[in-house]
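Q: predicted model, plus sequence, below.
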Amino acid sequence: MDSDSPEDVLGMIAPGFRFSIVFGTGGGEARDFAGGREAMEGYLAQREKSVLTHHVLSAATVGSDEHVLGQARRGAAFESTFVAVARIDEDGKVASLMIGRSPLLDIEA
């Protein structure tokens, strides 16, 4: 996701993939990107490329679910905190993904 070709993640998703990314921008404003593969392609196309880096602060796996808490940074500066949960199918592909992001809560690294 942090590269010049974030669309490479499309090879990691299952055929029936579904997702929701609740993208808070502050001041009570948020956008919900949601859908299947085509919607993810649209989400990836509108993202800034090679600008933000994502830093995992903690992670856990419970059964087929992977949980992550992290920070997005612009250079060395805090941009947002994010949480993500992915359900992995029997083939090791992401079947569903939920991400929440907010610039209003800085959880220190």
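A: That came in fine, so what should we check first?

Q: end to end, how far does stretch 86-97 reach?
A: Stretch 86-97 stretches 4 Å from its first residue to its last (CA to CA, to the nearest Å).

Q: check the offset of it from the chain's centre.
A: Centre-to-centre, stretch 86-97 and its host chain are 14 Å apart (CA atoms, centre = their mean, to the nearest Å).

Q: check what contacts it and list those residues.
A: 12-14, 16-21, 64-66, 84-85 (CB atoms under 8 Å, 6 or more residues apart in numbering). Every residue, glycine included, has its C-beta placed from N, CA and C.

Q: tell me which two of these sit farthest apart.
A: The span of the contacts of stretch 86-97, defined through CB to CB, is set by Ile21 and Ser64 at 20.1 Å.

Q: look at those two and report which has more neighbours.
A: Taking neighbours as other CB atoms under 10 Å, Ile21 and Ser64 compare with Ile21 leading, 19 against 12.

Q: the more buried one touches Arg101, doesn't it?
A: Yes - using CB atoms under 8 Å as the test, Ile21 is close enough to Arg101 to be in contact (7.2 Å).

Q: longest single strand anywhere in this protein?
A: Identified as the longest strand of the chain according to DSSP state E is strand 13-26.

Q: mean confidence score for the one helix or strand Thr81 maps to?
A: For Thr81, the host element (DSSP states H and E) is strand 77-88. For strand 77-88, mean pLDDT is 96.

Q: which helix or strand in the chain has the lowest average pLDDT?
A: helix 37-46 (a mean of 90; mean pLDDT, DSSP states H and E).

Q: contacts for that helix, please.
A: Residues contacting helix 37-46 (CB under 8 Å, 6+ apart): 6-7, 9-10, 13, 17, 19, 21, 33, 35.

Q: now distance to Ala72 and pLDDT too, for the residues you listed, in CSV please.
A: Shown next, in CSV, are those (distance: CB to CB, whole Å; pLDDT from 0 to 100):
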residue, distance to Ala72, pLDDT
Pro6, 13, 65
Glu7, 19, 75
Val9, 15, 83
Leu10, 20, 88
Ile13, 21, 94
Phe17, 22, 97
Phe19, 17, 97
Ile21, 12, 95
Phe33, 15, 93
Gly35, 22, 97
